[in-house]
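Participant: Got a predicted structure here, sequence first:
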Amino acid sequence: MFSFISRHAIFPLHERLIGRATSRYVRELERSQWESPFDLRRLQAVKLNELLRHARRNVPFYRERLADLDLDAAQDDPTELLRTIPLLDKRQIRMALGEMTWPGVPGGLVPHNTGGSTGEPLRFYFGRRRQAYDQAARIRTHRWFGVDIGDRELYLWGSPIELGRAGLLKRLRDVLFNQRLLDAFRMSEHRMDAYLDAWDRFRPVCLFGYPSSIALFCRHARARGRKLDCSAMRAVFVTGEVCYPHDRETISSYFGVPVADCYGSREAGFIAHECPQGRMHLTAENVIVEILRDGRSVPSGETGEIVVTHLDAYAMPFIRYRTGDVGRLLSGRCSCGRGLAMMDVVSGRSTDFLYTPDGQIKHALSIIYPLREMEGVAQFRVTQHEDFSVTVDIVAEDCGISAESVRACIRPVLGEKIDVRVNRVDRIEQTASGKFRYVVSHAVPSPRKREEFACAGA
Ligand SMILES: [Zn+2]
């Protein structure tokens, strides 16, 4: 009953109050997903043309960058023109942020901070249109699994907002939308015991979170011999990092429901999501994905860097944005019947847990969030050694950053007992695999815990 009220009254009212046309976009996306790949490409072409015209007219950064594009000649399909536009990366955004927004955007600019686990902090802006489309895309994909707005949704997620007014508002919002948050950043055995009880009181319809944290939670439940009440469960949605096959197996065998992977990021958008057939479909109405190697597009099936153009990011356009992730586009049609193109993410964000000597297990993002909030930090890498001590390598744009300020920033996460060394460096190299890993831990939990937690897939 409450989910009905949340879905049909609270949610539409909330979206209308903050000026987002989410419900209309959901209806649009529900319809367009069944269109043919040809028609979806035409829709992309029309939206791309509008976006490029808008960016050139209203956003100073693009005025020059797009000055020579002959958009009239490419009226029908500007996709080829898109490939001539220079790529956009985090560094450029940090340097030119003031020039990259549309000051007159309806509904105003909504600031945001991100960086995910890539170790490169980023400030950027949302507009209402883009927020609403990303939200609508999420709602559509959850419906693929029979999960709708207002259904009881449990988050195993890290939230930097904990205390104060913002935290209270968030909690009220969670209750109104039938959502609950369990903190994935503080998962000691003791706390996970409390999570097990919270689960059975809430009886979620779906679980959403980092695959590594959810798999850890499953292994804990198993070690405790707990069979959670999963009678209402329909799906587990994982995102934010690579979902390894052993974690997927742990999760699906424990809950007995499909595990669906979502690929995207705050800044790049809701890029792709797995369907019930296990294929990852692009949100083709909202994003154009290119796969590039050595600066050139590669054909379907070949891997390269994932580069994204968000077709509804008008407040701050993301045109040919480099995600740093590696993937490939796939040809053919999915048996689910949707016309949305498909992709694979071959490697994405990959991080480790951090451990404390007293048995706390910290998700990598719990240390990434405060570091990326620090003014003047361009890049960082956190390495935990076998003795639990931590080294933070920092590339700083601001000479005001001191070892002491970095320590003070991460002390609340790691506690007093862990020794923290800070190195100022000029650059941070990729690992041999070519993948950036910004939190690496060589520490292991105590032997008893290792047995319980480290037997992935068991
Ligand atoms: Zn499908």
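Facilitator: Ah, there it is.
Participant: So which elements touch the lengthiest helix in the chain?
Facilitator: Taking DSSP state H as the criterion, the chain has its longest helix at helix 37-58. Here helix 37-58 touches helix 60-65, helix 79-82, going by 3 or more Cβ pairs under 8 Å, 6 or more residues apart in numbering; DSSP states H and E. In short, each C-beta sits where N, CA and C put it, glycine included.
Participant: Downstream of the last one, the next helix or strand is which one?
Facilitator: This means helix 79-82. Using DSSP states H and E, the helix or strand that follows helix 79-82 in sequence is helix 90-96.
Participant: Residues contacting that following helix, please?
Facilitator: Contacts with helix 90-96, where a contact means Cβ atoms under 8 Å, 6 or more residues apart in numbering, come from 61, 100, 118, 120, 122-124, 322, 378, 397.
Participant: nearest residue to the residue in the stretch 151-300 of the chain positioned nearest to the ion other than its sequence neighbours?
Facilitator: Among all residues of the stretch 151-300 of the chain, Cys275 sits closest to the ion, at 3.2 Å; criterion: Cβ to the ion. Closest residue to Cys275 apart from its sequence neighbours, by Cβ to Cβ, 6 or more residues apart in numbering: Cys336 at 4.8 Å.
Participant: Need the three-state assignment for Ile401.
Facilitator: Here Ile401 is recorded as coil under DSSP: H, G, I helix; E, B strand; the rest coil.
Participant: Can you tell me the number of residues neighbouring the closest residue to it other than its chain neighbours?
Facilitator: Sequence neighbours aside, Gly376 is the residue nearest to Ile401 in space, at 5.3 Å (criterion: Cβ to Cβ, 6+ apart). For Gly376, the neighbour count with other Cβ atoms under 10 Å is 13.
Participant: which bits of this protein sit near the ion?
Facilitator: 275, 277, 279, 334, 336 (Cβ under 5 Å from the ion).
Participant: Now with 8 Å, please.
Facilitator: Where the chain comes near the ion, counting by Cβ under 8 Å from the ion, the residues are 275-279, 281, 334-338, 340, 342.
Participant: Quick one, which of those residues are buried?
Facilitator: Neighbour counting by 16 or more other Cβ atoms under 10 Å classes 275, 279, 281, 334, 338, 340, 342 among these as buried.
Participant: Leaving out the residues flanking it, which one is nearest to the second one?
Facilitator: It refers to Arg279. Nearest non-adjacent residue to Arg279, counting by Cβ to Cβ, 6+ apart: Cys334, 4.4 Å away.
Participant: Okay, now the unreliable bits of the stretch 101-250 of the chain?
Facilitator: In the predicted model of the stretch 101-250 of the chain, residues 114-120, 159-166 satisfy pLDDT under 70.
Participant: Can you name the residue of it nearest the ion?
Facilitator: Nearest residue of the stretch 101-250 of the chain to the ion, counting by Cβ to the ion: Trp144, 8.1 Å away.
Participant: before we move on, back to that, pull out the buried residues from the longest helix of the chain.
Facilitator: Under the neighbour-count criterion of 16+ other Cβ under 10 Å, helix 37-58 has 37, 40-41, 44-45, 47-49, 51-52, 55-56, 58 buried.
Participant: Can you list the neighbours in contact with it?
Facilitator: Under the criterion Cβ under 8 Å, 6+ apart, residues 32, 35, 62-63, 66-67, 69, 71, 74-79, 81-82, 102, 104, 284-285, 288, 309, 311-314, 317, 319, 333, 339-341 lie in contact with helix 37-58.
Participant: Geometric centre of the chain: which residue is closest?
Facilitator: With distances taken as Cα atoms, centre = their mean, Ser265 lies nearest the centre of the chain, 3.4 Å away.
Participant: That one is in contact with Thr323, isn't it?
Facilitator: Yes. Ser265 is within contact range of Thr323, at 6.9 Å (criterion: Cβ atoms under 8 Å).
Participant: joint contacts of the two?
Facilitator: Here Ser265 and Thr323 have no joint contacts, going by Cβ under 8 Å, 6+ apart.
Participant: Sticking with the residue sitting furthest away from the middle of the chain, tell me its helix or strand.
Facilitator: Largest separation from the mean C-alpha position in the chain: Ala73, at 36.5 Å (Cα atoms, centre = their mean). Under DSSP H and E, no helix or strand contains Ala73.
Participant: pretty sure Arg186 is in contact with Thr356, am I right?
Facilitator: No. The criterion here is Cβ under 8 Å, and Arg186 misses it with Thr356 at 10.2 Å.
Participant: joint contacts of these two?
Facilitator: Common contacts of Arg186 and Thr356 (Cβ under 8 Å, 6+ apart): Lys362.
Participant: picking up where we left off before, now the helices and strands packed on helix 37-58 as JSON lines including mean pLDDT and mean neighbour count?
Facilitator: As requested, the helices and strands packed on helix 37-58 are exported to JSON lines (pLDDT from 0 to 100; neighbours: other Cβ atoms under 10 Å):
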{"stretch": "helix 60-65", "mean pLDDT": "94", "mean neighbour count": "16"}
{"stretch": "helix 79-82", "mean pLDDT": "91", "mean neighbour count": "16"}
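Participant: rewinding a little: I'd like the list of the contacts of helix 37-58 that fall within strands, please.
Facilitator: Counting by DSSP state E, the contacts of helix 37-58 place 288, 309 in strands.
Participant: phi, psi of the residue lying closest to Arg20 once chain neighbours are set aside?
Facilitator: If the residues on either side of it in the chain are set aside, Arg20 comes closest to Ala132, at 3.8 Å by Cβ to Cβ, 6+ apart. Note on Ala132: backbone dihedrals following degrees, to the nearest 10 are phi -70, psi -40.
Participant: close enough to count as contact, Ala132 and Ile18?
Facilitator: No. Using Cβ under 8 Å, Ala132 is not in contact with Ile18, being 9.2 Å away.
Participant: So for the two, which sits in the more crowded spot?
Facilitator: Ala132 (23 against 12).
Participant: Tell me who's in contact with the more buried one.
Facilitator: 15, 20-22, 25.
Participant: and if we set it to 7 Å?
Facilitator: Neighbour list for Ala132: 20-22, 25 [criterion: Cβ atoms under 7 Å, 6 or more residues apart in numbering].
Participant: before we move on, the earlier item: turn the helices and strands packed on helix 37-58 into TSV, including distance to Val392.
Facilitator: Formatted as TSV, these follow (distance: least, Cβ to Cβ, whole Å):
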stretch	distance to Val392
helix 60-65	32
helix 79-82	39
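Participant: and Gln179, which of those helices is closest to it?
Facilitator: Between Gln179 and the helices and strands packed on helix 37-58, the shortest gap by Cβ to Cβ is with helix 60-65, which sits at 36.1 Å.
Participant: What helices and strands are in contact with the closest one?
Facilitator: Under the contact definition 3 or more Cβ pairs under 7 Å, 6 or more residues apart in numbering; DSSP states H and E, helix 60-65 sits against helix 37-58.
Participant: got the CA positions of the helix it packs on in CSV?
Facilitator: The C-alpha trace of helix 37-58 is given here as CSV (Å, rounded to 0.1, in the frame of the first residue of the first chain):
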residue,chain,number,x,y,z
PRO,A,37,18.1,0.2,-33.9
PHE,A,38,17.7,2.3,-37.1
ASP,A,39,15.1,4.5,-35.5
LEU,A,40,17.1,4.9,-32.3
ARG,A,41,20.1,6.0,-34.3
ARG,A,42,17.9,8.6,-36.0
LEU,A,43,16.7,9.8,-32.6
GLN,A,44,20.3,10.1,-31.5
ALA,A,45,21.2,12.1,-34.6
VAL,A,46,18.4,14.6,-34.0
LYS,A,47,19.3,15.0,-30.4
LEU,A,48,23.0,15.3,-31.1
ASN,A,49,22.3,18.1,-33.7
GLU,A,50,20.3,20.0,-31.1
LEU,A,51,22.9,19.5,-28.4
LEU,A,52,25.8,20.7,-30.6
ARG,A,53,23.9,23.8,-31.7
HIS,A,54,23.0,24.6,-28.1
ALA,A,55,26.6,24.1,-26.8
ARG,A,56,28.0,26.4,-29.5
ARG,A,57,25.4,29.1,-28.9
ASN,A,58,25.2,29.1,-25.1
